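*Asks:* Below is the sequence, then the predicted model.
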Amino acid sequence: MNKTKTDARRLTHQMLTELRNRAVRSVQSGESPEDVARILGINRATVYGWLVLYREGGWGRLDADKRGGRPPLLNAKELQWIYKTVVCKNPQQLKFTFALWTSKMVGEIIERQFGITLSKASVCRLLLQLGLTPQRPVWRAYQQNGTDVAQWLTKEYPRIRSLAKRVNAQIFFGDEAGVRSDHHAGTTWAPKGQTPVVSSTGARFGLNLISAVSAQGECRFMTVNGRVTAREFIAFIKRLRIGMDRPVFLIVDGHPTHKAKMVQRFVASLRGSFRLFYLPPYSPELNPDERVWNDLKNNAVGRKCIATPKQLRSAVMGHLRFIQRSPQRVRGYFQNEETKYAA
């Protein structure tokens, strides 16, 4: 059943002003103008028109008693086009080489489409008024198969979880990673227009690791000298099983090391007390253990000046032990939008 449209002509000036304010506040809180129009029972063009008024004169411009004012640079129809373009289109569809919307690129499409030049500050203000905010995107491989991911979320993982419950098994998610001495994270203040330089030794070095986490807050890890091979992976499996009085299920990606014949023979020799399962290809965001490496690189290695391999190992081991002693932190890795399915 279609909701009856609100006839603004039948509202008092006070009621209309309150409706305008409510609509604009809803958009600025993150709701789409289309949804706001539907919920309030008004025309979509009307909502964009109110956004135009607000953009030109702030909250006072939404007062229904006020008339006139200078003509807006962008009208309601043009605001609607900008919103839909940023939300629904990839910049590459508009022949940009970069895949993320920047304020500069939005300014370029506004000038290209409407012949109106806006400063970067004006573009940012416009986007915020439309309820859009700058956000760090989730990385996803273009080779990823959406059908495989859906199958994992709706069928494969629920099957694994059900089997684990039936045999009283503990589910872990595992992964390998390498950390380097020259990794840095975060931001630093510097004079405008002068890009800061982070100095480090030119003799770069690294450390490879394997870890596994459970939704119950457990974390196990192991450092590796050199690259991770089937032999090292088997050593980690043995370590993961220490102290376990029940079966262990380990979910990893499909890297050849995890599927090596040596690994398969070793797993078979454990006669069901340990089982391996594999995530869909090109889907690291589904693995909560990826959050361990984000945590480690951003909060341990990335904010320190690492001068020697010994310092690197000390920083890595110290932070991983801190994670290991923080079950609540580990459980938090399972609360990300992409990983909460496994919580």
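*Replies:* Structure received. Worth saying up front: this structure is predicted, and the values here are computed from it rather than measured.
*Asks:* going forward, measure contacts and count neighbours with C-alpha atoms only.
*Replies:* Noted.
*Asks:* the helices in this protein, which residues?
*Replies:* 13-28, 33-40, 44-57, 76-88, 103-114, 120-129, 146-151, 157-167, 230-241, 261-269, 290-296, 309-324, 327-332 (DSSP state H).
*Asks:* so which of the ones you listed comes closest to Pro247?
*Replies:* Smallest distance to Pro247 across the helices of the chain (C-alpha to C-alpha): 7.4 Å, for helix 157-167.
*Asks:* Let me know the average pLDDT across that closest one.
*Replies:* Helix 157-167 carries an average pLDDT of 97.
*Asks:* Next: stretch 293-305.
*Replies:* The average pLDDT for stretch 293-305 rounds to 73.
*Asks:* how close does Gln28 get to Ser103?
*Replies:* Distance, Gln28 to Ser103, using C-alpha to C-alpha, to the nearest Å: 17 Å.
*Asks:* Can you tell me how far the nearest residue to Ser273 once chain neighbours are set aside is from Leu270?
*Replies:* Counting by C-alpha to C-alpha, 6 or more residues apart in numbering, Ser273 lies nearest to Pro247, which is 4.3 Å off, once chain neighbours are set aside. Pro247 is 10 Å from Leu270, where distance means C-alpha to C-alpha.
*Asks:* now do Arg166
*Replies:* 18 Å.
*Asks:* Repeat that for Leu94.
*Replies:* Counting by C-alpha to C-alpha - Leu94 and Leu270 are separated by 55 Å.
*Asks:* One more: Val106?
*Replies:* Taken as C-alpha to C-alpha, the span from Val106 to Leu270 is 58 Å.
*Asks:* who has more neighbours, the two?
*Replies:* More crowded of Val106 and Leu270, by other C-alpha atoms under 10 Å: Val106, with 20 against 11.
*Asks:* mind checking how far the closest residue to the more buried one other than its chain neighbours is from Arg241?
*Replies:* The shortest distance from Val106 to any non-neighbouring residue, by C-alpha to C-alpha, 6+ apart, is to Val123 (7.1 Å). In this view, Val123 and Arg241 are 55 Å apart by C-alpha to C-alpha.
*Asks:* So for the two, which residue has more residues nearby?
*Replies:* Val123 (20 against 15).
*Asks:* correct me, but the more buried one touches Ser103?
*Replies:* Yes. If you go by C-alpha atoms under 8 Å, Val123 and Ser103 touch, sitting 6.1 Å apart.
*Asks:* Skipping its backbone neighbours, what lies nearest Gly226 in space?
*Replies:* Asn208 (6.8 Å).
*Asks:* Could you pull up the contacting residues of Val47?
*Replies:* Contacts for Val47 (C-alpha atoms under 8 Å, 6 or more residues apart in numbering) come out as Arg20, Ala23, Val24, Pro33, Val36, Ala37, Ala76.
*Asks:* try it again with 7 Å
*Replies:* Ala23, Pro33, Ala37 (C-alpha atoms under 7 Å, 6 or more residues apart in numbering).
*Asks:* what about the second one, distance to Cys88?
*Replies:* This points to Pro33. 14 Å.
*Asks:* Next: the first one.
*Replies:* Taking C-alpha to C-alpha as the measure, Ala23 and Cys88 are separated by 21 Å.
*Asks:* more neighbours, those two?
*Replies:* Using other C-alpha under 10 Å as the criterion, Ala23 and Cys88 rank with Ala23 on top: 23 against 9.
*Asks:* The more buried one and Pro33: what is the separation?
*Replies:* 8 Å.
*Asks:* hang on, the earlier thing: surely the residue nearest to Gly226 and Gly178 touch.
*Replies:* Yes. Under the criterion of C-alpha atoms under 7 Å, Asn208 makes contact with Gly178 at 4.3 Å.
*Asks:* Quick one: mean pLDDT over the lengthiest strand in the chain.
*Replies:* Taking DSSP state E as the criterion, the chain has its longest strand at strand 170-180. Strand 170-180 comes out with an average pLDDT of 90.
*Asks:* now it and helix 157-167, what's the angle there?
*Replies:* Following axes from the mean of the first three to the mean of the last three C-alpha atoms, to 10 degrees, one obtains 120 degrees for the angle between strand 170-180 and helix 157-167.
*Asks:* Name the residues that touch strand 170-180?
*Replies:* The set of residues external to strand 170-180 that reach it, using C-alpha under 7 Å, 6+ apart, is 164, 205-214, 247-252, 287-290, 293, 297.
*Asks:* Would you mind putting the CA coordinates of that strand into CSV?
*Replies:* C-alpha atoms of strand 170-180 as CSV (Å, rounded to 0.1, in the frame of the first residue of the first chain):
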residue,chain,number,x,y,z
GLN,A,170,36.6,-25.7,18.9
ILE,A,171,36.6,-23.5,15.8
PHE,A,172,39.6,-21.4,15.0
PHE,A,173,40.3,-19.1,12.1
GLY,A,174,44.0,-19.0,11.0
ASP,A,175,46.2,-17.0,8.7
GLU,A,176,49.9,-16.2,7.9
ALA,A,177,51.4,-12.7,7.6
GLY,A,178,54.7,-10.9,7.4
VAL,A,179,55.6,-7.7,9.1
ARG,A,180,58.4,-5.4,7.9
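*Asks:* Could you tell me how far that strand lies from the centre of the chain?
*Replies:* 19 Å (C-alpha atoms, centre = their mean, to the nearest Å).
*Asks:* do the same with stretch 317-325
*Replies:* With C-alpha atoms, centre = their mean, you get 24 Å for stretch 317-325.
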